[in-house]
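S.K.: This is the structure alone, sequence omitted:
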Ligand SMILES: Nc1ncnc2c1ncn2[C@@H]1O[C@H](COP(=O)(O)OP(=O)(O)OP(=O)(O)O)[C@@H](O)[C@H]1O
């Protein structure tokens, strides 16, 4: 395997001003990168969940193998940590092909892409993470490479510049993006197979946790795995990370066995609650409920109340709170849902005796 870009790449969540390092963040941290290689499923059989994607991909790969052809280009979209890199490695393994890994931000010039493409072997899988962050000239070169296995390398500058056509061996591009909507349609259309990766159900995360526990040689009870799964925000990367923190706690504070109680105590120490909210998420919700009666309140006001940057609240905390149905973004501001009151064990003002119901009091 070749790594053209091992530098950590960032997403909107990570780049938000002041975004803290989070145990429940979905982007890979240094420790994840070191451990994840050992935990990655090696074939489609081992890959947990995403049944439809697996089934469809299995057909695409089997058919290509039967024809003795290179597999179609594959586009994988979905949130960080759901298994896009893992799946690209599985595609290569299933096709018996080598894989080259790079990312959109690493390809700023068309020449960078030409250098990678021209060094591919026949049948090789090129994994292009964050494909939506590639430069426009590189993107345009990729159109032709994907369709005709050919690129035009421009030599010289100005009126004297000439395009030298370069034949490429057939290869399979696996593009990954957290934001499929940002891809220009001509690029999207050149993928033969597109798959959207969903967040995982708790039962699927339990399977991921049991599998990882086996590979890490840990003793875990089913209830312990369920406790960790419930706090993992639908994301295998987070499940694996929480498992490692619970393992530490179980080894230091107990006899190593991961029970429900041990998992719950350990994640309590790390301030990850029963629903996977961390300190920042709860600070946002608590301010919304306690200071602003559940809203509506403007984003800037809410951010000042929790002592964070606007972007941190909007891009780091809110997406999960919205996904969980705890917070809604409305034209009048942020509002808490009944589930938010229930989660923090608070009573909405409308339901309190003599409650005034403070709807609409707080501006941006
Ligand atoms: N379906 C799965 N079954 C078992 N483990 C999984 C699955 N999906 C992901 N994982 C585990 O989660 C970790 C993160 O997966 P991966 O790096 O493939 O995510 P990703 O979607 O590529 O993330 P990013 O967008 O940040 O690059 C890996 O260690 C992998 O082992």
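M.R.: Thanks, I have the structure now. Computed from a predicted structure; not experimentally measured.
S.K.: Next to the ligand, which bits of the stretch 51-200 of the chain? Give me the list.
M.R.: Applying Cβ under 6 Å from any ligand atom, we find that the stretch 51-200 of the chain lies next to the ligand at 80-86, 129. Bear in mind the C-beta positions are built from the backbone N, C-alpha and C, glycine included.
S.K.: Helices - which of the residues you listed land there?
M.R.: Using DSSP state H, the subset of these located in helices is 84-86.
S.K.: Most neighbours among the residues you listed, please name it.
M.R.: When neighbours are counted by other Cβ atoms under 10 Å, residue 84 leads those with 24 neighbours.
S.K.: Need the per-residue pLDDT for that one.
M.R.: Per-residue pLDDT puts residue 84 at 95.
S.K.: Likewise for residue 192?
M.R.: 93.
S.K.: what's the neighbour count on it?
M.R.: With other Cβ under 10 Å as criterion, residue 192 counts 15.
S.K.: was I right about it contacting residue 60?
M.R.: Yes: contact status for residue 192 versus residue 60: in contact at 7.5 Å, counting by Cβ atoms under 8 Å.
S.K.: which residues do the two both contact?
M.R.: Common contacts of residue 192 and residue 60 (Cβ atoms under 8 Å, 6 or more residues apart in numbering): 72, 74.
S.K.: Not counting sequence-adjacent ones, nearest residue to the residue in the stretch 101-250 of the chain positioned nearest to the ligand?
M.R.: Per Cβ to the nearest ligand atom, residue 236 is where the stretch 101-250 of the chain lies closest to the ligand, at 3.5 Å. Leaving out its chain neighbours, the residue that sits closest to residue 236 by Cβ to Cβ, 6 or more residues apart in numbering is residue 208, at 4.7 Å.
S.K.: which residues does the one you found contact?
M.R.: By Cβ under 8 Å, 6+ apart, the contact list for residue 208 reads 48-49, 200, 229, 236, 239-240.
S.K.: Tell me the one among those nearest to residue 331.
M.R.: Of all those, residue 331 sits closest to residue 200, with 32.5 Å by Cβ to Cβ.
S.K.: tally of neighbours for the closest one?
M.R.: Neighbours around residue 200, by other Cβ under 10 Å: 25.
S.K.: Confirm it sits in a strand?
M.R.: No: when DSSP: H, G, I helix; E, B strand; the rest coil is applied, residue 200 is found to be coil, with no strand at that position.
S.K.: Quick check: phi and psi at it.
M.R.: For residue 200, the backbone dihedrals (degrees, to the nearest 10) come out as phi -90, psi 150.
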